[in-house]
Each structure stands twice: as C-alpha cells, then as structure tokens.
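Turn this into a model:
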Amino acid sequence: MTSSVLVLGIDPHIVPGTDGAALFAVLEAELARFAEHGIHASMTVFGPDETAEPTIVAALTERAWNVVLIGGGIRKSEDLLPLFEKTVNLVRTHAPGAAIAFNTTANTILEAARRHL
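So this is what the prediction gives:
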C-alpha cells in the first residue's frame, strides 16, 4: 500500500506581502518530490473564510491519509489561530488515523511528512 500525505494550507495567492505564484510553484515542486519517493501527496489550499471548513472536510474524507501536514501559513499567524484550531480538530474528527505533521518552510514538507511515515 502506498503511503499518502495531505498538505493543508492557506492559498498563497491571498497572503499579503507574498509572491503567491512563486510560493505556489515551490509548493508544487515539493509535492513532486513525494512522487520520487513513492508517496501519494495532495495539496488543498483555502482562504480564511466560510469556505475553509467544507474544503478541509472534503479533502480529509477523499481517502485514508497516513499523514496530514498543516502548513505554516495557518500556524504562524496569530490572526488565524481559530482557523488553526479548527483545522487540527477537523483532522482529528475526519482523519483520526492520520499523523499530524508541521513543516518549517515550504521546502521541508516532504521531510516533515516522512518523520511520520
């Protein structure tokens, strides 16, 4: 059975002061690294609005995930603390068998997930 990782994060195109297209390209390149290691990976991005919860739930229930990684865009902003809490609790509810991982930068997603595989 192939391991599977879901990456959840704030859409980089809506983060103030960020080159969203460049950051998204880095994230996509990082996802490609998973395939090189035989790991299925998927990324779901969303905004901090009323669409976040249904978007997260849809991604979490798409398949059984071994690891769910919650990106720094959600974790590192004090303004998004309620969304971070909601995200962790949604993972616990809808993917209870998945480990929860956290990366330090956009370039360390694979390493963070592999700590739990």
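
Show me how far the lowest-mean-pLDDT helix or strand in the chain is from its chain's centre.
Using mean pLDDT, DSSP states H and E, the weakest-scoring helix or strand in the chain turns out to be helix 72-75, at a mean of 90. Mean C-alpha position of helix 72-75 versus that of the full chain (Cα atoms, centre = their mean, to the nearest Å) differs by 9 Å.

Can you spell out which helices and strands pack onto that helix?
strand 4-10, helix 81-94 (3 or more Cβ pairs under 8 Å, 6 or more residues apart in numbering; DSSP states H and E). C-beta here means a position set from N, CA and C on the backbone, and glycine is covered the same way.

and the longest helix belonging to the chain, what other elements does it pack with?
Secondary structure of the chain per DSSP state H: the longest helix is helix 20-36. On a contact count with 3+ Cβ pairs under 8 Å, 6+ apart, helix 20-36 meets strand 4-10, strand 40-46, helix 109-114.

Just the buried positions in the helix or strand just after the second one, please.
By that I understand strand 40-46. For strand 40-46, the following helix or strand on the C-terminal side (DSSP states H and E) is helix 52-60. Using 16 or more other Cβ atoms under 10 Å as the test for burial, helix 52-60 gives A52, T55, I56, A59, L60.
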